[in-house]
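1. Generate a structure from the sequence data that follows.
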Amino acid sequence: MREISGRSRLYNVLPGELTGGDIESAQTFLDSKSPSDLKFWASQRSREPYSCGDQRFRMVVDKPNGGNRDKAVLFLSEFGTPDLPRLIAKARITRDFIDPEASLVIQPSSVNGEDNMNFSHDERLRLLKGDLQPYIARIAIVMKSLSDPEDLTIFGPSQGATVGMAYASSDEVHATALTIVEAPNVAERNSLSLAQDFAQSGQDLARVVRANFDNHERPLAQLIEKDASSPVSMARFIVSAMHPDNMATVGVMQHNTASEHIKAVLDKGGSVVHAWGDVDNVSPAFNNQRIADEFEAQPRYASRVLRNMGHTAMDFYALDGALARLAHNLHTTPIDVG
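-> Take a look at the predicted model:
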């Protein structure tokens, strides 16, 4: 643990990029927004569906009036997460840490009653076989509607890390700033093993939240812990997570493809911030460290171990913003080759 400047309390967060001011900024945002405020904000920015072939899908897209048209932040959802208040809050705080005037794209998951991604039968089969093109195609369509901003920062937590790596490394995408947190696709395993790892992480959720959040970021941190301990909330999540789109996506998270994607992003001149916790096995620390050892000499690559955090690391709002800001800075700062 380390002490954050301006605070007497110790937090279980390692990266030196995270400051007391970052936490205050995130807290100010959370104090000013209720969950209903966040849901309404998202509903006003996801009313018109996009088309991918015969399939209609939705994402949340915010283009600030008079904003920077050449800059955008893409925030990708975790497994089975629709445009819930937590997702919206994390995405907006992350955008604010980089540039409040940047466009913001939020990719929600399909859940019970909300076919946000709306994959076809054939697309689900492709996902089950490990092919992420159905996600890549949808993201590309939305980015094209924004004229493919030159300055793009991608934040991918958990499943979002798997999707983000595939999109950022695809041939049709220019160099980007990519942040991946707790990526499942750093280890080879079957779907049952992956499900068991996710289940264990869920059991540890309340404990990890208490250890890392304490009294800061109060409103939504308490909501997370309450949801974790509520059988009704957990049952509702399980039903929604069983949406066929999500079950198909499990097929792309159980294979070790992270290293090749990271290499492709770096080879095209992009940057990668690679973070993981050391508590549970959704994204095993040993596998992450092996990948970090492979790329540590790359000037636009940075790894961060999140001590005493597990798969809930991405629920620390200020940390999300600080890691994404680091990736953006690595991407935009000239490298001294002398």
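
2. residue ranges of the strands in the stretch 151-300 of the chain, please?
-> 151-157, 177-181, 271-277 (DSSP state E, counting those that start in this stretch).

3. Need the winner for burial among those strands.
-> Comparing the strands of the stretch 151-300 of the chain by mean neighbour count (mean count of other CB atoms under 10 Å), strand 177-181 comes out on top with a mean of 31. Where you see a C-beta, it was placed from the backbone N, CA and C, and this is true even at glycine.

4. pLDDT weak spots in this protein?
-> 1-16, 82-83, 202-237, 337-338 (pLDDT under 70).

5. report the longest strand in it, please.
-> Using DSSP state E, we find that the single longest strand of the chain is strand 68-76.

6. for whichever helix or strand comes after that one, packing partners?
-> As assigned by DSSP states H and E, the chain's next helix or strand after strand 68-76 is helix 85-98. If you count contacts as 3 or more CB pairs under 8 Å, 6 or more residues apart in numbering; DSSP states H and E, helix 85-98 packs onto helix 20-32, helix 35-43, strand 68-76, strand 102-107, strand 151-157, helix 218-229, helix 317-332.

7. can you pull the contacts of the residue nearest to residue 102 when sequence neighbours are not counted?
-> Among residues not flanking residue 102 along the chain, residue 71 sits closest, at 4.1 Å (CB to CB, 6 or more residues apart in numbering). Residues in contact with residue 71 (CB atoms under 8 Å, 6 or more residues apart in numbering) are 98, 99, 101, 102, 103, 149, 150, 151, 152.

8. From residue 168, how far out is the last one?
-> Think residue 152. For residue 152, the distance to residue 168 (CB to CB, to the nearest Å) stands at 8 Å.

9. where do the contact lists of the two overlap?
-> Counting by CB under 8 Å, 6+ apart, the residues touching both residue 152 and residue 168 are residue 176.

10. Please report the number of neighbouring residues for the closest residue to residue 260 other than its chain neighbours.
-> Distances taken as CB to CB, 6+ apart place residue 169 nearest to residue 260, at 7.7 Å, with adjacent residues excluded. As a burial measure, residue 169 scores 24 neighbours (other CB atoms under 10 Å).

11. wouldn't residue 169 be in contact with residue 261 here?
-> Yes: Residue 169 is within contact range of residue 261, at 4.3 Å (criterion: CB atoms under 8 Å).

12. where do the helices sit along the stretch 201-338 of the chain?
-> 218-229, 231-241, 244-253, 258-267, 285-295, 317-332 (DSSP state H, counting those that start in this stretch).

13. Out of the ones you listed, which is closest to residue 93?
-> helix 317-332 (5.0 Å; CB to CB).

14. got the CA coordinates for that closest one in PDB?
-> The C-alpha coordinates for helix 317-332 follow below in PDB (Å, rounded to 0.1, in the frame of the first residue of the first chain):
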ATOM      1  CA  TYR A 317     -13.500   4.800 -10.900                       C
ATOM      2  CA  ALA A 318     -10.500   7.100 -10.500                       C
ATOM      3  CA  LEU A 319      -8.100   4.300 -11.300                       C
ATOM      4  CA  ASP A 320      -9.800   3.700 -14.600                       C
ATOM      5  CA  GLY A 321      -9.300   7.300 -15.500                       C
ATOM      6  CA  ALA A 322      -5.700   7.400 -14.400                       C
ATOM      7  CA  LEU A 323      -4.800   4.300 -16.400                       C
ATOM      8  CA  ALA A 324      -6.500   5.500 -19.500                       C
ATOM      9  CA  ARG A 325      -4.800   8.900 -19.200                       C
ATOM     10  CA  LEU A 326      -1.400   7.100 -18.900                       C
ATOM     11  CA  ALA A 327      -2.100   5.200 -22.100                       C
ATOM     12  CA  HIS A 328      -3.100   8.400 -23.900                       C
ATOM     13  CA  ASN A 329       0.100  10.200 -22.700                       C
ATOM     14  CA  LEU A 330       2.200   7.300 -23.800                       C
ATOM     15  CA  HIS A 331       0.600   7.500 -27.200                       C
ATOM     16  CA  THR A 332       0.900  11.300 -27.700                       C
END
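
15. dump the residue contacts of the residue nearest to residue 258 when sequence neighbours are not counted.
-> If the residues on either side of it in the chain are set aside, residue 258 comes closest to residue 186, at 4.7 Å by CB to CB, 6+ apart. Residue 186 makes contacts with 256, 258, 276, 283, 284, 287, 288, 291, as judged by CB under 8 Å, 6+ apart.

16. Just the buried subset of those, please.
-> 258, 276, 283, 284, 287, 288, 291 (16 or more other CB atoms under 10 Å).

17. what's the distance between the last one and residue 252?
-> Put plainly, it is residue 291. For residue 291, the distance to residue 252 - CB to CB - is 17 Å.

18. number of nearby residues for residue 162?
-> Neighbours of residue 162 using other CB under 10 Å come to 27.

19. wait, isn't residue 325 in contact with residue 99?
-> No: taking contacts as CB under 8 Å, residue 325 lies outside contact range of residue 99: 9.6 Å.

20. Pick out whichever of the two has more residues nearby.
-> Counted by other CB under 10 Å, residue 325 and residue 99 do not tie: residue 325 has more neighbours, with 22 against 19.

21. what's the nearest residue to the more buried one if we skip its chain neighbours?
-> residue 97 (4.7 Å).
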